[in-house]
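Colleague: sequence plus predicted model, see below.
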Amino acid sequence: MMSIELPKLLGAALLAGALLMPSVQASETEEPSYRPEVVDFTLDNGLEVVVIPDRRAPVVTHMLWYRVGSADEDFGRSGYAHFVEHLLFKATENHDVGEFSRRVAEVGGRENAFTSYDFTGYFQQVAPAQLQTMMEFEADRMVNLALTDEVVLPELQVVIEERVQRIDNNPSAMLGEAINATLYQHHPYGIPIIGWMHEIEEMNLEGAKEFYRRFYGPNNAVLIVAGDVDPDEVRTMAEASYGQVPPNDAIVERQRVQEPPQAAARTVTLRDERVGTPSVSMYWLVPSYSMAEPGQAEALDLLAAVVGDGVRSRLHQSLIVDQGIAASAGAFYRGTSLDTTNFVLYGTPRGEASVEDVEEALLAELGRIIDEGVTERELEAVKRRFLRSTIFARDSQSGMARMFGASLTTGSSVEDVLDWPDRLREVTPEDVQEAARRHLMDGPAVTGYLLPSEQEPS
Amino acid sequence: MIRATEMNLRAVQDGLFRALSIVILALAFVTFPVVMAARADVDIQEVTSEKGITAWLVEDYTVPIINIRFSFAGGSVQEPEGKEGLANLMTGLFDEGAGDLESAAFQERMDDAGGELSFSASRDVIHGSIRMLAEDREEVLDLLRLALTEPRFDDAPFERIRAQILTGIQSRERDPDHQGRQAFARALFGDHPYGRSDEGTSDTLAALTPQDVRGLHERLFARSNLNVAVVGAIDAGTLGEVLDDVFGDLPEEADLAEIEPVEPELAQEVAFEFALPQSTLQLVFPGLARDDDEFFAAFLMNHILGGGSFSSRLFNEVREARGLTYGIGSWLRTDDYSNSLNISTSTRSDRVEEAIEVIEAEIARMIAEGPTDEELADAKRYLIGAYAINNLDTSSSVARTLVELQRNELGIDYIARREELINAVTRDQAHAAARRLLTADPAVLVIGPARTSTAEPG
């Protein structure tokens, strides 16, 4: 719309929180014919496969998602999930270092990889004729990685520079890291995805091998193939490649420690000379889609949109337009998460207003919803926007692949994704008010302030 | 702005994605059989309305949506001196009221109608885009017409948007990265509009009035400097009517000030000193215009040097071999009034000298030897195959690409011709392009702590 930046806190929160998270989860509309054609099946070795045909262009997106992320690391050994992701681009027993990437580049393909709390993913976008080759390479590095110090040590330096670039050179990211560490008092979501620097520096070859052997295998992965393909052919190709990899006996279902009840509200403040204007963000711990009671996560998604998504939202109209005290204000709920997730309000003051004025106004708007609920009209407007976005989402082959991958590695099923619009439609204004009461009444668990260096706390 | 059509910045700016690695092996894999790349076949129709407005259309009914993207030549370079920030401010006001509808009424109507509208200003051009479900077309496009031809620019939203932008400017006033880049732009371009800040300064913004915005709108929003691309569920006949309905009431001729071309001032170093753990480096060399006969030779050479995000010489030497950075890239910048070849990276502040030495050594090697036959062949295959995946993978990216092709006057058959243009480049031509662009003493930006003479040996 214009070049007003998103509040930096939001950027930090998104970075620290979730990558590739679709803001909207699923894909269908009122008309059944709009429902995407999705085929899913499981190979004998436990690999789940989802095929999303899209024949508009001769391109296929091949993504392999592992059900392992930074929250699965051993305590005191942060950083390995992300480090191993980097190392999967090194040599295997069958291919020299760089051979896979070279093959992708040679056919004009695009590739990359990503790590989050709950998943690690690898993808290539190529012409359909290359799909079989991509599967062979990807299946090979699922079990045949051949690591040596020669490749591990320079890569460790790269990861250290990555951490500095993402976090240490960026005050809002530094604050985001501190907020998370404070928000989660026990659960590993409090530890940064990329790892703490002092633990990154201690990572080594043996640790990487151990992590890889423990978590990589077909029975801990989800294959997503979207694009110009035939589901039966995908099955044949997958069986010929991934299907030859035996299951990994070390894989166990994820059972992480859970947060205890939290009684004390915490405040986190970062003052930095690089910060020009103050901002505030407030975090509540709330259930994710995978753990919420039926309808609760949907209600939280709708609540976040009514409160703080876009120019018609309560926060925009109240803080930015009517009161004129904020340059930005919004809310979001990160529902695509395996364990307890968060609901966030944020704002930046403008003009003579203080960060405390904005904080108060954010809480006042939330309080109004807790007390009085939302209107039928505003809820309907948000629902329509969500449903519309599920159709727009089908325009992006890679976006569809990410949506299914992220959902399936955080406890949801293909049916959950496909049924999401139906569940959304059933949410009533009373449900939204109830979700706000139940999860947000107590005030935020953590309030974070990003302040210019000379600004004193109130 | 940086043209999106032929650029690759991924290595420098991707998200928590890791940049990938390739080590070019001397005895590489040249014996792959027929390598099939994704073919960039797009059926583009040229549609001209009764009033003479032309658009490029890609008709596609797979997903029932319509994407429209348009541009008006003349961005922030067209701001009168002392009114910096005017174009950016204007683009924030197109959803803030038009015709009889004031701000809130317009926004509600647009949201209820199901349109998603956005505008942005860059140095050379104002871009707009809108997407909608096909069934919502009529009302959404009527609102677009109103926004383009009868924007209200009322005082209240003007003041509010200006205050929001001011907060953004203040928030960046102490950000060393932002300040360093601003200082670099001034050093490179002096008094030319490219030396100014696109978003303006606190002082220039304070002096702007709604009348200034109206003046700029009248000058820039015309049919003579308009380009339109449409992708989705609409046929040529209907589009012809739509073009007249939406754009037909705009004035015939834009009133554009003559802007002189400018050569960036090379052979200088701009040091923005700040105690940071990681320093940002940028090097600026001469460039060449998009219609230069040697463009594709330079484009391929740049890809081999630093454009291929995970396969370039700079990536291999600075990141893979030495672990000095997380990301490094180079790109050709082709703006309307200036061109350059840029290299950008960030590295540990105590190893800046080493990073610069490695970059300089790679530049010297490229000048002395040019690319190898194998590198050139690989680059050609990659750039031909990657075009569809990088530029045509969603409706909105197709629309974006088609507007850029029109702006660059590359012709409606460009996508079909492009492969031939790339394949025609010889090794000698790529080598000559290296000598032409890289021999100059570059302008260098360093954001980070003051450098000492005790750099580690490379």
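Modeller: That came through, no problem.
Colleague: what are the ranges of the strands in the stretch 151-300 of chain A?
Modeller: For the stretch 151-300 of chain A, applying DSSP state E, counting those that start in this stretch gives strands covering A:221-227, A:266-272, A:279-286.
Colleague: an error on my part: the question was meant for the stretch 351-458 of chain A.
Modeller: A:446-452.
Colleague: over to the stretch 251-400 of chain B?
Modeller: B:268-273, B:278-286, B:328-334, B:339-348.
Colleague: and B:Tyr337, how far from chain A?
Modeller: Separation of B:Tyr337 from chain A (CB to the nearest CB, to the nearest Å): 20 Å. Yep, even glycine has a C-beta here, placed from its N, CA and C like the rest.
Colleague: now that residue. Nearest residue, chain neighbours left out?
Modeller: Counting by CB to CB, 6 or more residues apart in numbering or on different chains, B:Pro261 is the residue found nearest to B:Tyr337 once chain neighbours are left out, at 4.9 Å.
Colleague: one more: A:Leu183?
Modeller: Per CB to CB, 6+ apart, closest to A:Leu183 is A:Val446, 4.7 Å.
Colleague: same deal with A:Phe119?
Modeller: Nearest non-adjacent residue to A:Phe119 (CB to CB, 6+ apart): A:Thr409, at 3.8 Å.
Colleague: check contacts around the one you found.
Modeller: Applying CB atoms under 8 Å, 6 or more residues apart in numbering or on different chains, one finds that A:Thr409 lies in contact with A:Trp65, A:Tyr66, A:Arg67, A:Asp118, A:Phe119, A:Gly121, A:Val222, A:Leu338.
Colleague: show me what contacts B:Ala113?
Modeller: B:Met132, B:Asp136, B:Glu139, B:Val140, B:Leu143.
Colleague: switch the cut-off to 10 Å
Modeller: B:Ala113 is in contact with B:Met132, B:Leu133, B:Asp136, B:Arg137, B:Glu138, B:Glu139, B:Val140, B:Leu141, B:Asp142, B:Leu143, B:Leu144, counting by CB atoms under 10 Å, 6 or more residues apart in numbering or on different chains.
Colleague: tell me how many other residues surround the fifth one.
Modeller: Pointing back at B:Glu138 there. A count of nearby residues for B:Glu138, using other CB atoms under 10 Å in any protein chain shown, gives 12.
Colleague: give me phi/psi at it?
Modeller: phi -60, psi -50 (degrees, to the nearest 10).
Colleague: with the first one instead?
Modeller: The phi and psi torsions at B:Met132 (degrees, to the nearest 10) take the values phi -160, psi 160.
Colleague: what's the closest non-adjacent residue to it?
Modeller: Counting by CB to CB, 6+ apart, the residue nearest B:Met132 is B:Val140, at 4.3 Å.
Colleague: what pLDDT does the model give the one you found?
Modeller: At B:Val140, the pLDDT value in this model is 98.
Colleague: what about it, how many residues nearby?
Modeller: B:Val140: 22 neighbours (other CB under 10 Å).
Colleague: quick one: secondary structure of it?
Modeller: helix (DSSP: H, G, I helix; E, B strand; the rest coil).
Colleague: next: the one 4 residues further on.
Modeller: In three-state terms, and counting by three-state DSSP, B:Leu144 is helix.
Colleague: residue in chain B nearest to chain A?
Modeller: B:Gly385 (1.5 Å; CB to the nearest CB).
Colleague: quick check, that residue in contact with A:Gln124.
Modeller: No - B:Gly385 is beyond contact range of A:Gln124, at 12.0 Å (criterion: CB atoms under 10 Å).
Colleague: which residue does chain A bring closest to chain B?
Modeller: A:Gly108 (1.5 Å).
Colleague: which helix or strand contains that residue?
Modeller: Applying DSSP states H and E as the criterion places A:Gly108 outside every helix and strand.
Colleague: relative to A:Met135, how far out is the residue lying closest to it once chain neighbours are set aside?
Modeller: Nearest residue to A:Gly108 in three dimensions, chain neighbours excluded: B:Gly385, at 1.5 Å (CB to CB, 6+ apart). From B:Gly385 across to A:Met135, the span is 19 Å (CB to CB, to the nearest Å).
Colleague: try B:Pro157
Modeller: The value you get for B:Pro157 to A:Met135, if CB to CB is used, is 53 Å.
Colleague: can I see the domain layout of the chain?
Modeller: Looking at chain A here, since you left the chain open. A:14-28+A:37-244, A:260-452 (automatic domain parsing).
Colleague: you answered for a different chain; I wanted chain B.
Modeller: Using automatic domain parsing, chain B is parsed into the domains B:10-36+B:263-448, B:45-247.
Colleague: confidence-wise, which of those is weakest overall?
Modeller: Averaging pLDDT over each of the domains of chain B puts domain B:10-36+B:263-448 lowest, since it has a mean of 87.
Colleague: count the neighbours of residue 277 for me.
Modeller: Here I'm looking at chain A. With other CB under 10 Å as criterion, A:Thr277 counts 24.
Colleague: chain B, not that one
Modeller: The burial count for B:Pro277: 17, using other CB under 10 Å.
Colleague: got it, and A:Glu136?
Modeller: What A:Glu136 shows, counting by other CB under 10 Å, is a neighbour count of 18.
Colleague: do I have it right that it meets A:Gln124?
Modeller: No - judged on CB under 10 Å, A:Glu136 makes no contact with A:Gln124 at a distance of 11.8 Å.
Colleague: ok so, going back, among the contacts of B:Ala113, the buried ones, what's the ChimeraX command?
Modeller: Restricted to buried positions by 16 or more other CB atoms under 10 Å in any protein chain shown, the ChimeraX selection for these reads:
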select /B:132,133,136,137,140,141,142,143,144
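Colleague: what's the closest non-adjacent residue to A:Glu177?
Modeller: A:Pro192 is the one closest to A:Glu177 (CB to CB, 6+ apart), at 5.2 Å.
Colleague: so that neighbour makes contact with A:Ile179?
Modeller: No - between A:Pro192 and A:Ile179 there is no contact under CB under 10 Å: 11.1 Å.
Colleague: of the two, which one has the most company?
Modeller: A:Ile179 (29 against 26).
Colleague: who in the stretch 151-300 of chain B is up against chain A?
Modeller: B:156-157, B:159-161, B:163-179, B:198-199, B:231-232, B:274-280 (CB under 10 Å from any CB of the partner chain).
Colleague: contact partners for A:Leu300?
Modeller: By CB under 10 Å, 6+ apart, the neighbours of A:Leu300 are A:284, A:286-289, A:292, A:333-335, A:341, A:343, A:427, A:431-432, A:435-436, A:438-440.
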